Structures are given as structure tokens and as C-alpha cells.
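J.: Fold the following, please.
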Amino acid sequence: MSAVGSPPGGGTAEGAAYADRFAVETAEMVSARERAVHLPGPPPVEPAVGAALAVLASTVGARSVVSIGSGGGLAGLWLMRGMRTDGVLTALDGDPEQLRAAKKAFTEAGIAASRARLIFGTPAEVLPRLSSGAYDMVVCAGPPREYSEHLDALLGLVRVGGALILHGLLEGGRIADRTARDPQTVAWREVSRTIREDETLLSAVLPIGAGLLVATKRA
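T.: Here you go, the predicted structure:
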């Protein structure tokens, strides 16, 4: 393991770089990242984001996790690092290239096929087939327009005490720019407002990577 050095101040580019260095990736994660950067769709999650996903999965004792957007399998590898050893990850993606990359990443990491369920399809097609309240975590890493209309369904999958995690809301700083009116930014604003105002949820924004919006379902 390489040295990460002394941590700089928070909220800086140096701080973000330190956070990424602190989150050491395995050789399989490095390979998955190298493949994922060449795939269509959002870039793969940063190491600091992956590490946060692993910690959150461990914190809730995750056995059943849904990932919207496979990200070439990189986010899945991080999630499975924190999940229970008997846990099952359900990853859905509308891009077959992404799913093939995810399958390769899991195979290289020696993950049993029974621990990863890869489903081709959009949230609109797949979410109705998943069991309500049966998941410890639901993680969304794709563009918000792909799932914003299905936010109720996503929340419905999460058990009480479980978590919904959305990645990317701080990308480019557009959500805080009142002049930004592009469809993705508008979708982020609507999603974040809905989650923040929902009294059944306890939520926070973690300013790591492109930003994590984390919400826990209250009893």
C-alpha cells in the first residue's frame, strides 16, 4: 500500500486527490476502471466515492443491493467489498457494453456468479419486477433523467433503515448555478428537493467525487 501523505484542507482539489489516494483500489478495480473510462455513459466512480459506498454498505449490513447503472462493474466491486459475504448485488443497465464489462470485472475478481445478478433494461422496465422493501441499499450512478420519474419506485425498494444513494449531483457545480437550466440539472434539483422534503427520510450531501446524495429511510 502506498503512502497517502498528510491530508490537506477540506473542500480543495488537493483534498479530493488525497481522498482518492486514501481509497486504495485492488488490481481488479484498476482494470475495471481502465475499461470503464472507454465505455459510453457516465465516467466510473472515483476511488473516494467507491470507498464511501463500501463503508455505507458495511454500515447497513447490506445483503441485498440494487445498482442502477453498472459503471463497468467498478461501483459493484466497491459495494461488494462492504456487503456481507452472502450478499447479492443486482445491477441493471440499458447498455449491453456496460453489463459485459461488469461481468468481466466480477469474474476477474473471483466473485461467484450467484452473488451478481446482471439485468439488461431501463429502470422503467426493471423496477416493477423487483420486490418492494426487500433491499438494504439502492445506488444510482447514471444520469438522473434515467430514473428521476421513478424515484417513488426506487424508494419503495429500500427497507426501513436502508439507504438510497445517488451519485453525481455536484458534477460541474451546475446544481448551485441558478442560470443552469439543462435537463439533467433540472432533474437533479427536483430529485434533491423531493428527498430533502420527505419526512420519512434522513438525508445529506457528501461532497466527494461528483457528489453523493445519501438518504436513509426512517422507521
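
J.: contacting residues around Ala215?
T.: By CB atoms under 8 Å, 6 or more residues apart in numbering, the residues touching Ala215 are Leu155, Ala163, Leu164, Ile165, Ile195, Asp198, Leu201, Leu202, Ser203. (C-beta placed from N, C-alpha, C; glycine too.)

J.: how about a cut-off of 6 Å?
T.: Leu164, Ile195, Leu201, Ser203 (CB atoms under 6 Å, 6 or more residues apart in numbering).

J.: pretty sure the first one belongs to a strand, no?
T.: Spelled out, it's Leu164. Yes. Using DSSP: H, G, I helix; E, B strand; the rest coil, the assignment for Leu164 is a strand.

J.: doesn't Asp136 make contact with it?
T.: No. Applying CB atoms under 6 Å as the test, Leu164 and Asp136 come out as separate, 10.8 Å apart.

J.: Please pull out the lowest mean pLDDT helix or strand from this protein.
T.: Of all helical and strand segments in the chain, the minimum by mean pLDDT, DSSP states H and E falls on helix 13-22, at a mean of 89.

J.: tell me what that one is packed against?
T.: helix 47-59 (3 or more CB pairs under 6 Å, 6 or more residues apart in numbering; DSSP states H and E).

J.: Other residues contacting the helix it packs on?
T.: Helix 47-59 is touched from outside by Ala19, Asp20, Ala23, Glu25, Trp78, Leu79, Arg81, Gly82, Met83, Ile208, Gly209, with contacts defined as CB under 6 Å, 6+ apart.

J.: before we move on, what about stretch 66-76?
T.: Contacts of stretch 66-76 (CB under 6 Å, 6+ apart): 32-33, 35-36, 39, 44-45, 89-91, 93, 98-99, 101-102, 105-106, 123, 135, 138-142, 147.

J.: picking that back up, can I get the contacts of helix 47-59 in CSV with secondary structure?
T.: Output for these, formatted as CSV (three-state DSSP):
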residue, secondary structure
Ala19, helix
Asp20, helix
Ala23, coil
Glu25, coil
Trp78, helix
Leu79, helix
Arg81, helix
Gly82, helix
Met83, coil
Ile208, coil
Gly209, coil
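
J.: out of these, which is most surrounded?
T.: Greatest neighbour count in the contacts of helix 47-59, by other CB atoms under 10 Å, goes to Trp78: 27 neighbours.

J.: sorry, back to before: out of the contacts of helix 47-59, who's nearest Gly61?
T.: Checking those against Gly61 by CB to CB gives Met83 as the nearest, at 8.6 Å.

J.: Quick check on that closest one: phi, psi?
T.: The phi/psi pair for Met83 (degrees, to the nearest 10) reads phi -70, psi 160.

J.: and it, how far is that from Ile111?
T.: 11 Å (CB to CB, to the nearest Å).

J.: Can you tell me what sits against the helix of greatest length in the chain?
T.: What stands out as the longest helix in the chain, according to DSSP state H, is helix 183-197. Under the contact criterion CB under 6 Å, 6+ apart, helix 183-197 has outside partners Pro143, Pro144, Arg145, Ser148, Leu169, Arg174, Ile175, Leu201, Ser203, Leu213, Ala215.
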